[in-house]
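K.L.:
the sequence isn't on hand, but the structure is:
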Ligand code: GLC
């Protein structure tokens with residue numbers, strides 16, 4: 001039985017994530033824009049998704065591609081710059097029966113935001129909107145590292161003070177201990193809720209509270225800095241903030257909320273999902289895909305180990321078994337493309353592994369988040385020049401490792417192609433025309449050279465394409481109650497190739513069986529016969545007992 005409180009519109013929904021800068025350039029200035037998204041809404045709708053999440057498009061100097069907001073009420077000129085475009089986009093999204101989720105960056109602003117500018121001018125009210133601190137023994141208040149390299153404190157000579165930036169120095173952290181800041185954020189949220197937005201993706205939101213004495217930490221090897229996350233990630237005060245946001249905005253406006261969180265454990269995760277008091281609806285966990293790197297260092301890749309994948313994914317399914325809800329994802333704008341990272345991007349296996357990934361991830365318990373181009377099996381990059389990369393991290397790493405460290409440029413270009421955040425940010429591949437049909441002029445970031453092989457136009461015509469598989473997958477998902485509400489039971493997972501689980505609800509049993517390797521592997525199924533409802537090879541109709549999965553094969557089947 002499904003309890004009434006278990007039913008929420010977003011539980012059986014699927015989300016499509018858009019990185020607006022790289023989605024579709026309607027005015028041919030090299031940048032994707034709001035109107036471009038609106039023009040592609042029929043395509044988005046055709047995938048069978050219910051929610052559109054658009055990464056930040058507010059006024060911004062673009063130091064971190066819009067995650068550095070200079071004005072929460074204005075649209076940046078590169079995205080079209082006018083409010084009418086946004087009105088039309090949201091209205092048309094609604095007309096097509098989809099919801100619109102806004103990406104709200106509230107842990108920090110841009111240094112070009114009016115509040116920070118006033119703070120820099122010495123206005124104490126606004127200095128208290130951020131963390132300005134006196135030097136300690138002539139140095140920064142602590143040795144915390146910035147996520148993007150270097151230290152997390154920036155010195156302002158004319159004030160003789162440092163300010164804190166967990167991210168880039170152009171992203172100063174807001175001081176949530178100041179009630180006025182929280183009031184401001186609530187105003188921003190209410191404004192957009194009234195405007196007609198249906199939900200918020202809450203960026204880096206688990207960092208809202210920092211221990212007030214900013215304790216220094218053990219430095220990383222070869223560095224003076226260390227990530228001080230134990231002093232600022234997922235502190236109990238964050239729950240209090242969420243509770244207030246829920247009471248004043250999320251609840252009254254019936255918003256869907258998804259919190260981006262990292263450095264988290266199961267208890268904290270369940271609490272964020274409202275175990276004790278109302279907080280947020282679901283969690284977008286970094287932990288889900290961190291298993292193929294050394295800790296949080298994406299440039300220290302580990303070979304893809306299916307067992308580690310299983311541990312991470314099934315581990316989190318178990319943590320959220322009775323309480324809480326997860327965002328399911330295989331890629332996003334901060335990750336390299338999954339087909340290259342966890343699959344096989346050769347011509348022979350690319351489509352199969354892209355389809356299998358969908359089959360493996362999106363039959364789990366949670367809400368699928370499909371990132372633009374994932375439905376095509378878009379791949380890692382093929383750039384050869386360091387100047388083709390744009391992400392804030394790249395210059396730091398290049399300087400440290402290649403220029404100063406003397407490491408090989410080829411090694412680092414390869415790492416940037418396969419691991420950097422730019423990997424997921426190359427323009428969407430629409431057709432075989434120049435720039436993949438993204439723009440008629442040179443795009444802000446180079447199109448991947450394989451756009452003539454991998455694009456929407458080609459895949460529309462091919463009924464076995466990843467694109468059409470994703471459509472089918474989302475359709476099938478909606479018809480199966482067990483996929484939304486059922487338990488998750490892994491089975492036959494000893495091998496380091498398979499990823500198999502069963503979803504059970506009332507008298508329905510659904511199994512998802514997947515082979516992550518390029519060789520055959522056998523899987524012993526639960527008892528009974530199963531009717532195949534999804535098959536990435538497209539030639540299997542019924543299975544029972546023991547099945548031999550071919551390279552990158554993925555099947556979803558329902559017990560007869
Ligand atoms: C989140 C975003 C990322 C951004 C960071 C700082 O992790 O996904 O793109 O750089 O927050 O806002």
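P.N.:
Cool, the structure landed. Since the model is a prediction, treat every value here as computed from it, not as a measurement.
K.L.:
low-confidence bits of the chain, can you list those?
P.N.:
Scanning the chain for pLDDT under 70 picks out the ranges 1-7.
K.L.:
and stretch 222-237, anywhere near the ligand?
P.N.:
No: for stretch 222-237, no contact with the ligand is found by CB under 6 Å from any ligand atom; the gap never falls below 12.3 Å. Any C-beta I mention is one placed from the backbone N, CA and C, and that applies to glycine too.
K.L.:
touching that stretch from outside, list them.
P.N.:
For stretch 222-237, the surrounding residues in contact (CB atoms under 8 Å, 6 or more residues apart in numbering) are 142-146, 150-152, 166, 176, 206-211, 214-220, 261-264, 268, 296.
K.L.:
start to end distance for that stretch?
P.N.:
End-to-end distance for stretch 222-237, by CA to CA, to the nearest Å: 33 Å.
K.L.:
neighbours of the closest residue to the ligand within the stretch 301-450 of the chain, how many?
P.N.:
As assessed by CB to the nearest ligand atom, the ligand sits closest to residue 334 within the stretch 301-450 of the chain, at 4.8 Å. Using other CB atoms under 10 Å, residue 334 has 18 neighbouring residues.
K.L.:
the ligand contacts on this structure?
P.N.:
Residues of the chain lying near the ligand (CB under 6 Å from any ligand atom): 64, 67, 105, 167, 203, 204, 260, 333, 334.
K.L.:
could you list the buried residues of stretch 87-105?
P.N.:
By 16 or more other CB atoms under 10 Å, the buried positions in stretch 87-105 come out as 89, 90, 92, 93, 98, 99, 100, 101, 102, 103, 104, 105.
K.L.:
inside strands: which ones of those residues?
P.N.:
99, 100, 101, 102, 103, 104, 105 (DSSP state E).
K.L.:
identify the residue spatially nearest to the last one, adjacent ones excluded.
P.N.:
So that's residue 105. Leaving out its chain neighbours, the residue that sits closest to residue 105 by CB to CB, 6 or more residues apart in numbering is residue 203, at 4.3 Å.
K.L.:
enumerate every residue touching that neighbour.
P.N.:
Contacts of residue 203 (CB under 8 Å, 6+ apart): 56, 67, 103, 104, 105, 106, 107, 260.
K.L.:
in this structure the fifth one contacts residue 69, no?
P.N.:
Yes: the pair residue 105 and residue 69 passes the contact test of CB atoms under 8 Å, sitting 5.2 Å apart.
K.L.:
quick one on the thing from earlier: pretty sure the residue of the stretch 301-450 of the chain closest to the ligand sits in a helix.
P.N.:
No: counting by DSSP: H, G, I helix; E, B strand; the rest coil, residue 334 is not found in a helix; it is coil.
K.L.:
now the residue nearest to it when sequence neighbours are not counted: phi and psi?
P.N.:
Spatial nearest neighbour of residue 334, excluding adjacent residues (CB to CB, 6+ apart): residue 421 at 4.9 Å. When read as degrees, to the nearest 10, the backbone of residue 421 gives phi -70, psi -30.
K.L.:
tally of neighbours for residue 421?
P.N.:
22.
K.L.:
repeat for residue 157
P.N.:
6.
K.L.:
with residue 392 instead?
P.N.:
Residue 392: 21 neighbours (other CB under 10 Å).
K.L.:
check contacts around it.
P.N.:
Residue 392 is in contact with 63, 64, 148, 168, counting by CB under 8 Å, 6+ apart.
K.L.:
just residue 176 next, same as before
P.N.:
Applying CB under 8 Å, 6+ apart, the residues contacting residue 176 are 182, 208, 209, 237, 241.
K.L.:
quick one: the third one and residue 238 touch, right?
P.N.:
Yes: checked against CB under 8 Å, the pair residue 209 and residue 238 is within contact range at 5.4 Å.
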